[in-house]
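**Q** Quick one: sequence and predicted model below, then my questions.
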Amino acid sequence: MKKRIFTIIGVLAVLTLGSALASTGVAQSVGAGEATSTLGRIQEGLQTFVNATGFVNGTISHYAMILVAFCFLYLGIKHDFEPLLLVPIGTGIIIGNIPFVAGNQIGIYEAGSVLNLLYFGVVKGIYPPLIFLGIGAMTDFSTLIANPKLMLLGAAAQIGIFATFLGAIYLGFSLPEAGAIGIIGGADGPTAIFLSSKLANGINVLADGTTVKNLIGPIAIAAYSYMALVPVIQPPIMRLIINKEERKIRMKPPRTVSQTEKILFPIAGLILTTLISPSAIPLLGMLFFGNILKESTRTNRLAETARTKMIDIVTILLGVTVGASTQADVFITADSMLIFVLGAVSFAIATSCGLLFAKLMNVFLKGDDKINPLIGAAGVSAVPDSARVVQHEGLKYDSNNHLLMHAMAPNVSGVIGSAIAAGILLSFLA
């Protein structure tokens, strides 16, 4: 009996041990399978991560644009060429050209992304009028009021806009696109953005059913680049057209302008210029509004905000988003290169026309009324850089001949002139 009991217990023990060993083997097998699956998922995740990095998605075009950004930053930081513009734009170019996988609302052209929302102010022309408000609040029109004939120099410099407009048509751009490109000659970034957002926005449809190209990015970059390069581009043209004797002409000091005149000028200017070019109301209206805030002396707090914090914030947003809009796959095209060439031609023509018209004016002016023709270069609206260049060039030939104050008159009239020209083009071509 005892043997049978021990036999049964032994069999049960063997069966239990076998079952336990079998279970352990299965568990080990399942664990090994799970480990293999987890490792696979990790490898897959790592591969996805690697594929999403800029190192994998980058192209030569992206790195070329980043090199361009370095040039902007170098010029702005090292040589102090318009650092308030070139540093934000240069940084924006880097931001816009870091390669990424599309579809995650990251890029500036992806609807709903943060950059896209900030870029809305460029595409819809919101930032330029705000910039003009700040410019108006910091501009002194005294020299223009004291010597109104200098306004003609600002008007003469706008010839470059219309000459380039014709050149762009010849090269095959449509009328609205050519109009947007031509405005680069005004050397006025906000005006160029405003007009291109209305005419060459990639949305408008032409009479033949084709859609206009989106040229906002190239035009904005070209306009701001030439604004920053005023100290490089203008002096050779000035030396070519104006002889040494003319560069030494001293102008008589302007008369003192009363406060009443300063207040009445922006009001009259607002009414007159917008009646001539109603399409430019967003720009001219804000420009003269800002000046009224300044000259009224009753709204100093508002004027101070417009010419400091507000214009600074808008400049940051405008610069970064315009820079980011130069995404390599969208920006590097034959059209962009043509726009840069046409912009340079336009700016050179505008500068030359201002200088030549100043020489022509001297034919009819006598004695102390003669003007130094160098100030004609300030007719482009790169305020106040072109006026500073005139001052710098004048001092080279007469260390006591200060032309800055005189050059500010055609300079501010150039701002008004380019805005009027933009309004005229908009009314014809929109």
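**A** Sure, I can see it. Residues are numbered from 1 along each chain as shown.

**Q** Contacts only, for S196.
**A** 180, 183, 215-216, 219-220 (CB atoms under 8 Å, 6 or more residues apart in numbering). The C-beta positions use only the backbone N, C-alpha and C, and glycine is treated the same way.

**Q** Show the buried residues in those residues.
**A** Buried subset of these (neighbour count, 16 or more other CB atoms under 10 Å): 180, 183, 215-216, 219-220.

**Q** low pLDDT regions in this structure?
**A** Within the chain, the ranges that satisfy pLDDT under 70 run 1-33.

**Q** Angles on the backbone of the closest residue to K149 other than its chain neighbours, please.
**A** Using CB to CB, 6 or more residues apart in numbering and skipping the chain neighbours, the partner closest in space to K149 is M361 (7.3 Å). With angles defined as degrees, to the nearest 10, M361 sits at phi -60, psi -40.

**Q** what's the burial count for M361?
**A** Residues lying near M361 (other CB atoms under 10 Å) number 19.

**Q** Same question for L317.
**A** The number of residues packed near L317 is 19, by other CB under 10 Å.

**Q** same for the helix or strand containing it, what does it pack against?
**A** Here L317 sits within helix 311-324, counting by DSSP states H and E. Helices and strands touching helix 311-324, by 3 or more CB pairs under 8 Å, 6 or more residues apart in numbering; DSSP states H and E, are helix 83-96, helix 114-123, helix 127-138, helix 189-199, helix 216-228.

**Q** ok, then the element right after that helix?
**A** Next helix or strand after helix 311-324 toward the C-terminus (DSSP H and E): helix 328-331.

**Q** And that next one, how far out from the chain middle?
**A** Relative to the chain's own centre, helix 328-331 is displaced by 16 Å; criterion: CA atoms, centre = their mean, to the nearest Å.

**Q** by contact count, what packs against that helix?
**A** Secondary-structure packing of helix 328-331 (3+ CB pairs under 8 Å, 6+ apart): helix 60-78, helix 216-228.

**Q** returning to that earlier point: so which of the contacts of S196 comes closest to G125?
**A** Nearest to G125 among the contacts of S196 is I216, at 9.5 Å by CB to CB.

**Q** For the closest one, which residues are in contact?
**A** Residues in contact with I216 (CB under 8 Å, 6+ apart) are 122-123, 193, 196-197, 200-202, 325.

**Q** of all the helices and strands packed on helix 311-324, which gets the most neighbours per residue?
**A** helix 189-199 (a mean of 29; mean count of other CB atoms under 10 Å).

**Q** How many residues are close by F49?
**A** Around F49 there are 10 residues (other CB under 10 Å).
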